[in-house]
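Undergrad: sequence? don't have it. structure:
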């Protein structure tokens, strides 16, 4: 990752959420669940190879070719990291929505 600022700020906010969960629930187990769910969430958004996933969804099961990468794709400072694709957005919203729902149910009960 060329710019680590997003990762650092995500980790700081995760630490704040973990502290709030710990203060509100007095449960170390719930704090650990929050940590692991948060780390999975951060890894799912910040760490994927976006050159691979910025293709059509039907091409995700096929390897990426050198012709698709292009000469400037390796170090593009002006790269738009999150392009809007409706199917990808629905997949992410479903997975993260379900994960947040299950986490919230666990934390509140």
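TA: Structure's in. What do you need? Because the structure is predicted, anything quoted here is derived from the model rather than measured.
Undergrad: tell me the pLDDT of the most centrally placed residue in the chain.
TA: For the chain, the residue nearest the mean C-alpha position is residue 45 (2.0 Å; C-alpha atoms, centre = their mean). Residue 45 is assigned 79 on the pLDDT scale.
Undergrad: could you say what helices and strands the longest helix seen in the chain packs with?
TA: For the chain, the helix that runs over the most residues, judged by DSSP state H, is helix 86-108. Helices and strands touching helix 86-108, by 3 or more C-beta pairs under 8 Å, 6 or more residues apart in numbering; DSSP states H and E, are helix 28-46. Just so you know, the C-beta spots here come from the backbone N, C-alpha and C atoms, and that holds for glycine as well.
Undergrad: enumerate the positions of the helix it packs on that are buried.
TA: The neighbour-count check on helix 28-46 (16 or more other C-beta atoms under 10 Å) flags 30, 31, 33, 34, 37, 38, 41, 42 as buried.
Undergrad: which residues does the last one contact?
TA: Which is residue 42. Applying C-beta atoms under 8 Å, 6 or more residues apart in numbering to residue 42 gives the contacts 7, 10, 11, 14.
Undergrad: where in this protein is pLDDT low?
TA: Applying pLDDT under 70 to the chain flags the ranges 1-3, 49-51, 68-83.
Undergrad: coming back round to it: which of the buried residues of helix 28-46 lies closest to residue 108?
TA: Comparing these against residue 108 with C-beta to C-beta places residue 30 closest, at 9.7 Å.
Undergrad: who touches that closest one in this structure?
TA: Going by C-beta under 8 Å, 6+ apart, residue 30 touches 21, 22, 106, 107.
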